[in-house]
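>>> Structure, please.
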Amino acid sequence: MKASEETSIPAGLDRIKGLMSWWGMPNVLEAGQIEAQGKRFQGLVVDLVTLFNEASSNQAQALSASNERFTRAFQDLLRAREPPELMAAQSSLVIGLMQSLAAQTKIWAELTQKLSDYCSTMAHEVVAEAGEHAGRSEPAGKQAEVERSERPPKPKVDR
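Next comes the predicted model:
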């Protein structure tokens, strides 16, 4: 950071704190907390980029493999001289298509699962941190679970 940026950040934070306290929100984040949030966001971005790069690489590999299968199947289709050879070539073309779709579906399912796990972990961390900032002895997530378990179950509607 430059010297001018180092002095402007605290000045900007002081302005934000003054504005927030004027609005009646005295519990404004300190500079260290803001930096920690920024680092967490940077970590999130890096993790998501890595995750999407991995998924993109897997998609490219699946596409390359399916292109090779289609090329072979199409060449077999052009070389076919008799009906059984033609049917075998057509079958291999359909099999290649199905294998390609299955591989791509598997890659998308894995990406979705990884994203879901990652977002769930992030949400739990944020809820736990929010509980700590609110001064509660236990995280807000656990308190919400207790509140939900105390509620009577919703009636089931038969359709």
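
>>> Flag every buried residue along stretch 40-56.
Counting neighbours by 16 or more other C-beta atoms under 10 Å, one finds that the buried residues in stretch 40-56 are Ala55. In short, each C-beta sits where N, CA and C put it, glycine included.

>>> could you dump that stretch to CSV, C-alpha only?
Output of stretch 40-56 as CSV, limited to C-alpha atoms (Å, rounded to 0.1, in the frame of the first residue of the first chain):
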residue,chain,number,x,y,z
ARG,A,40,-12.2,-14.1,3.5
PHE,A,41,-13.8,-12.8,0.3
GLN,A,42,-10.4,-13.1,-1.5
GLY,A,43,-10.2,-16.7,-0.3
LEU,A,44,-13.7,-17.3,-1.5
VAL,A,45,-12.9,-16.0,-5.0
VAL,A,46,-9.7,-18.0,-5.2
ASP,A,47,-11.5,-21.2,-4.1
LEU,A,48,-14.3,-20.7,-6.6
VAL,A,49,-11.9,-20.0,-9.4
THR,A,50,-10.0,-23.1,-8.6
LEU,A,51,-13.2,-25.1,-8.5
PHE,A,52,-14.4,-23.8,-11.8
ASN,A,53,-11.0,-24.3,-13.5
GLU,A,54,-11.1,-27.9,-12.3
ALA,A,55,-14.6,-28.4,-13.7
SER,A,56,-13.7,-26.7,-17.0
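
>>> So what touches that stretch?
Stretch 40-56 has contacts (C-beta atoms under 8 Å, 6 or more residues apart in numbering) with 107-108, 110-111, 114-115, 118, 122.

>>> Apply 10 Å and report the result again.
Contact with stretch 40-56 is made by 107-108, 110-112, 114-115, 118-119, 122, 125-126, 129, as judged by C-beta atoms under 10 Å, 6 or more residues apart in numbering.
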